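J.: take this sequence and fold it.
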Amino acid sequence: MWSRAVDRIRPRTALRWLLPAAWPVRLTFGAAAATTLLVAALTTQPAIGLAVVIVITHDVFGLWASFAIHELGHAVVLGTAPGVSAITLERTSLRLSVTPHGSILGRDAFLAAVLGPLCCVAIGLLLWALAPQSFLHIWYLVHGVFLTPLFSDGRTMLRAAAAWRARIPLPGSDSGPEKTV
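T.: Numbers count the residues shown, from 1 in each chain. Alright, predicted model coming up:
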């Protein structure tokens, strides 16, 4: 696991956080895609090669990019929220996450929770309007489901809306009992 506490997101730190994310899956997928492309070339089957290129495009620009944008949306708001002293960027082999430290107003917690999925939904709508035949928009639009209370973004939105004007201590802060937002 890679973890780094930062006071703001810098491009180099964001790249160190995002690029190696889910490397076991990407390595396995990359090896399978390269092998399939080689077989397509050796057997002169351009349809197989085209299919692999489409799958790679969806993997990189759909699946991985949508989650990177989602988490960066959270991180940007948290980095500018008054009272948030630091943000911990975490990366495991299959997950990216952002954890704020300090305290945060309910409205800022609400904005941080909603902005990650909404960035993706906005990009999905734009992709749908510009290139609907690519179907890349689906990867981004599906992030709207994270706004439901079944997921932590939706639960955070509900808790933050209930404490809209209150300052909420975050885990690891010295400002009273811990309350998870």
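J.: what sits up against stretch 107-117?
T.: The contact list for stretch 107-117 (Cβ atoms under 8 Å, 6 or more residues apart in numbering) reads 70-74, 76-78, 81-84, 100, 104, 143-144, 146-147, 152-154, 156-157, 159-161, 163-165, 168, 181. Just so you know, the C-beta spots here come from the backbone N, C-alpha and C atoms, and that holds for glycine as well.
J.: chain center to that stretch: distance?
T.: Distance, stretch centre to chain centre, for stretch 107-117: 13 Å (Cα atoms, centre = their mean, to the nearest Å).
J.: can you point out the buried residues in that stretch?
T.: Of the residues in stretch 107-117, 108, 109, 110, 111, 112, 113, 114, 115, 116, 117 count as buried by neighbour count, 16 or more other Cβ atoms under 10 Å.
J.: mind putting the residues you listed into JSON lines with pLDDT?
T.: Listed next are the buried residues of stretch 107-117 as JSON lines, based on pLDDT from 0 to 100:
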{"residue": "108", "pLDDT": "96"}
{"residue": "109", "pLDDT": "96"}
{"residue": "110", "pLDDT": "98"}
{"residue": "111", "pLDDT": "97"}
{"residue": "112", "pLDDT": "96"}
{"residue": "113", "pLDDT": "96"}
{"residue": "114", "pLDDT": "98"}
{"residue": "115", "pLDDT": "96"}
{"residue": "116", "pLDDT": "95"}
{"residue": "117", "pLDDT": "97"}
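J.: take the helix or strand hosting residue 69, keep the C-alpha atoms, and write them as CSV.
T.: Element membership of residue 69, judged by DSSP states H and E, is helix 65-80. C-alpha atoms of helix 65-80 as CSV (Å, rounded to 0.1, in the frame of the first residue of the first chain):
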residue,chain,number,x,y,z
ALA,A,65,-9.5,7.5,-16.0
SER,A,66,-13.0,7.7,-14.6
PHE,A,67,-11.9,6.6,-11.1
ALA,A,68,-8.9,8.8,-11.2
ILE,A,69,-11.1,11.8,-12.1
HIS,A,70,-13.6,10.8,-9.4
GLU,A,71,-11.0,10.7,-6.6
LEU,A,72,-9.3,13.9,-7.9
GLY,A,73,-12.7,15.6,-7.7
HIS,A,74,-12.8,14.8,-4.0
ALA,A,75,-9.2,15.8,-3.4
VAL,A,76,-9.5,19.2,-5.1
VAL,A,77,-12.4,20.2,-2.8
LEU,A,78,-10.8,18.8,0.3
GLY,A,79,-7.6,20.6,-0.5
THR,A,80,-9.3,24.0,-0.5
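J.: next SSE after that helix?
T.: Next along the chain after helix 65-80, taking DSSP H and E as the criterion, comes strand 84-91.
J.: buried subset of the contacts of stretch 107-117?
T.: 70-74, 76-78, 81, 83-84, 100, 104, 143, 146-147, 153-154, 156-157, 159-160, 163, 168, 181.
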